[in-house]
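[1] Okay, here's the prediction I keep looking at, along with the sequence it came from:
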Amino acid sequence: MNVKLHDQLQAGVSRAESAGGAKRAWVLWRYWLLREFKTRYAGSVLGLAWAFVQPLASLAIFYVLFGLILAVRVPGLAASNGYLLHLLAGLAIWLPFTDAIGRGVGSLAAYEDFLRKQPMPAEILPAVSVGGSLLVLGIGYGLLLVLSVGQGVGPFLSWAWLPLLVLAQVVLTFGLTLVLSMAHFLWRDVGSTVAVALQLGFYLAPIVYPLAQVPERFHIWFLFNPVACLVLTVQSVVLHMPVPQGTGWALAVWVVLLGGGGWWFFRSMKPVLGEAL
Amino acid sequence: MSIRFEGVEKTYPVYARPQDRLLEWLTGRQRHRVHVALAGIDFAVQAGETFGLIGENGAGKSTLLKIAAGTIRPTRGEVAREGRVAALLELGAGFHPEESGYDNIRFMAALHGLEGAAMEAFHQRATAFSELTAETLERPVKTYSSGMFMRLAFAAATAIDPDVLIVDEALSVGDLHFQKKSLNRILALREQGATVLFCSHNLYQVRSLCQRAAWIHGGKIAAIGNTEDVVTAYEAHERRRYAHLREQEPSDIHAQDEAFGTAARAAGTALVKIMRLTTETSDGLNPAQIDSFQDLTVEIELESYTDAQFHVGFSIVRPDKDNVFGTSTQFQPNATPLQGQGSHRLRVRFPRLALLSGEYLWNVYTLDDTGLQVLDMAELVQPFTVLNAKHREFGLVWLEHEWLSLE
């Protein structure tokens, strides 16, 4: 019996209990998220302030290094401090993304014993990791919009797309977290691989460098990187920067692929979670 | 309010190496062997019933409980549950060490999807039951002693007022006072009409708590029905296994029991300690040999360290642990428990001890006032031999009989 067949044969527990399941999952997710925030900074003096310090520190380091010392200029962005905005648009995507993935990968493995003993929807665990990154996401986008207006870029009508963009980012991140957390549960190599991949991934998206600095023939390759698609779309929507044609479509495909695929993979592997062998 | 298993089967794929799972997933070719944990499980626990699961370690009891609780899904078949389910499979598994007792209780409430007023009510019930002070509950759980942790965990696990309670040997946690309290909580829930499915190695407990039971053996139901029948069948099986083991490894239990109480004595400090068991016949104290139908008096000395009421039970057993005859203060017509600190002395007379030839020993237990919690025990002590010199009948005991006709 292979795994897919295994899944089909696997019969459900009675339907009646799934009715209250969604509400229960929602309550549990919110409470778990609260606990996550409370315990993450437990015992530290600055507490929740660390949530702001970390993204601001990244921003400052990259800005000083690339914006001031190496003096990278961003063509197509008419603002006195264009690089800062460009960097901020990238980090508003990247920081919550790495935060969610970094925490989410090990989430199922960390609660292995708990999942075996306590009936609960396992999707909650990756969802909490993604939820935990929403604070950084909010800080990033907020800062980006405020600075943009301050620099005389916008507000544009196109900013109305932002809620949809954030939703796309959340779905994409959640899908990937679902896949990776389950894969790590099955094969512990995944965690280490992801750590390396995240370091590399940062430089594969146009965050510290503008896409215009990259030879044009490579531009198409960026569409095969979901994070790059997100970054480019935000640059286009918020800052009105030119991006390769079809970036929006590529992003839509990625969202469906990772969101739907992640859900499917997680669901098909879920029976493995409670098993002791 | 009930749990129904319909043709439940559970198999696990077992992979020799982790990469086999990956290769199998990619290629679709089977690369695992199948371990059958449970097969053909088909029964229902009725609403308000207390149902026991017994069986050897690894027989599949825990898997069945996990399927009942919903942490794992059956490979085949269906499980239908009605009502709020509380699973006491492992206490405190979801507790966060950095969080306070209060917050962990709230987390348990959230696990059941409770919020607002329902969460507060849950919180109050759990706090009251845990008997922990407000000051303690505000501290992080990592600072708790294991006893305090277990108290909080049990309180939080049962505070939902479950319709269905699934218990996996969780009764033996914490100190004796709390054990009794948790047992009482389970009994109280049962009184309210909750359905209880529980698995235990303590056959005494199963006998006294359960209306029906199932014996799981090798992933299948070996026997199901009336508790007494099932437990008896299981005991018979255990005995055969024990006898088999003894043949392979002839250990001399008499040697172990030379000094009274050093053998199978409950560890730790018991609240009512068994001090001594003496037998007396016309031949003197503690005779090694007794004749059938001799007048025998047994005296049990106890030391109680509490004011709580307790019962005393004892039995005559054969070396293979088979009970020949057992009785208890609880079984007496008025069933008055003993009480009071200090030493107690019980004397029971067997005017005509109807044992026939063989080796016999004594088991002694002290139990709490419900007769469920064992406070102290001394098993297989004070061996004696019975010689049936005057009669030719054989067997274990003399049974009253009459030859009605000899044609």
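    Received it, and whenever you're ready, just let me know what you need.
[2] rest of the way, CA atoms for contacts and neighbours
    Will do.
[3] need the residues of chain B near chain A, please.
    Residues of chain B found near chain A (C-alpha under 8 Å from any C-alpha of the partner chain) are B:12, B:14, B:18-19, B:24-25, B:28-30, B:66, B:69-81, B:87, B:89-90, B:93-94, B:98-99, B:107, B:110-115.
[4] From these, list the buried ones, please.
    Among the residues of chain B next to chain A, those buried by neighbour count (16 or more other C-alpha atoms under 10 Å in any protein chain shown) are B:12, B:24, B:30, B:66, B:69-81, B:87, B:89-90, B:93-94, B:98-99, B:107, B:110-115.
[5] and the residues you listed, which of them are in helices?
    Judged by DSSP state H, helices contain the following of these: B:24, B:66, B:69, B:107, B:110, B:111.
[6] pLDDT below threshold where in the chain?
    Let's take chain A. Filtered on pLDDT under 70, chain A yields the residue ranges A:1-20, A:77-79, A:274-277.
[7] Switch to chain B, please.
    For chain B (pLDDT under 70), the answer is B:1, B:170-176, B:242-270.
[8] just the helices in it please.
    Remark: helices assigned in chain B by DSSP H are B:18-27, B:61-69, B:101-111, B:117-130, B:134-137, B:146-158, B:176-191, B:203-209, B:227-248, B:253-256.
[9] Tell me which of those approaches residue B:44 most closely.
    helix B:61-69 (10.8 Å; C-alpha to C-alpha).
[10] what helices or strands is that closest one leaning on?
    Judged by 3 or more C-alpha pairs under 8 Å, 6 or more residues apart in numbering or on different chains; DSSP states H and E, helix B:61-69 is in contact with strand B:33-45, strand B:76-81, strand B:85-88, strand B:164-168.
[11] tell me the angle it makes with strand B:76-81.
    60 degrees (axes from the mean of the first three to the mean of the last three C-alpha atoms, to 10 degrees).
[12] What residues does the stretch 101-250 of chain A have near chain B?
    A:113, A:114, A:115, A:116, A:117, A:118, A:119, A:120, A:186, A:187.
[13] which residues touch residue 66?
    Answering for chain A, as no chain was given. Residue A:66 makes contacts with A:72, A:208, as judged by C-alpha atoms under 8 Å, 6 or more residues apart in numbering or on different chains.
[14] could you do chain B instead?
    Neighbouring residues of residue B:66 by C-alpha under 8 Å, 6+ apart: A:116, A:117, B:72, B:89.
[15] now for those residues, which pair is the farthest apart?
    B:72 and B:89 (12.4 Å).
[16] Let me see the domain layout of chain B.
    Following automatic domain parsing, chain B resolves into domains at B:3-236, B:256-387.
[17] how far away is the residue in chain B that chain A sits nearest to from residue A:253?
    Going by C-alpha to the nearest C-alpha, chain A is nearest to residue B:113 of chain B, at 4.0 Å. When C-alpha to C-alpha, to the nearest Å is the yardstick, residue B:113 and residue A:253 sit 35 Å from each other.
[18] could you dump stretch B:348-368 to CSV, C-alpha only?
    Output of stretch B:348-368 as CSV, limited to C-alpha atoms (Å, rounded to 0.1, in the frame of the first residue of the first chain):
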residue,chain,number,x,y,z
VAL,B,348,-9.6,-14.3,62.1
ARG,B,349,-10.4,-17.8,63.1
PHE,B,350,-10.8,-20.7,60.6
PRO,B,351,-12.2,-23.4,62.9
ARG,B,352,-11.9,-26.1,60.3
LEU,B,353,-9.4,-25.0,57.6
ALA,B,354,-10.7,-26.9,54.6
LEU,B,355,-7.5,-26.8,52.6
LEU,B,356,-6.1,-30.0,51.2
SER,B,357,-2.5,-31.0,50.6
GLY,B,358,-0.3,-28.3,49.0
GLU,B,359,1.8,-25.2,49.4
TYR,B,360,0.1,-22.0,50.4
LEU,B,361,1.0,-18.4,51.2
TRP,B,362,-0.7,-15.3,52.4
ASN,B,363,-1.5,-12.0,50.7
VAL,B,364,-2.4,-9.0,52.9
TYR,B,365,-3.7,-5.6,51.7
THR,B,366,-4.7,-2.4,53.4
LEU,B,367,-7.1,-0.3,51.5
ASP,B,368,-8.7,3.1,51.8
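[19] follow-up on the earlier one: just say helix, strand or coil for the residue nearest to the residue of chain B closest to chain A when sequence neighbours are not counted.
    Nearest residue to residue B:113 in three dimensions, chain neighbours excluded: residue A:24, at 4.0 Å (C-alpha to C-alpha, 6 or more residues apart in numbering or on different chains). Look at residue A:24: counting by DSSP: H, G, I helix; E, B strand; the rest coil, its state is helix.
[20] doesn't residue B:130 make contact with residue B:152?
    Yes - the pair residue B:152 / residue B:130 is scored as a contact, 5.2 Å apart, by C-alpha atoms under 8 Å.
[21] circling back: so which of the domains of chain B is the most packed in?
    Mean neighbours per residue, mean count of other C-alpha atoms under 10 Å in any protein chain shown, is largest over the domains of chain B for domain B:3-236, with a mean of 19.
[22] That domain spans what distance, first to last residue?
    Using C-alpha to C-alpha, the two ends of domain B:3-236 sit 29 Å apart.
[23] got it, and stretch B:194-204?
    In stretch B:194-204, first residue to last residue: 21 Å (C-alpha to C-alpha).
[24] quick one: contacts for the residue lying closest to residue B:213 once chain neighbours are set aside?
    Excluding the flanking residues, the one nearest residue B:213 by C-alpha to C-alpha, 6+ apart is residue B:52, at 4.4 Å. Counting by C-alpha under 8 Å, 6+ apart, residue B:52 touches B:197, B:198, B:199, B:200, B:206, B:210, B:212, B:213, B:214, B:227.
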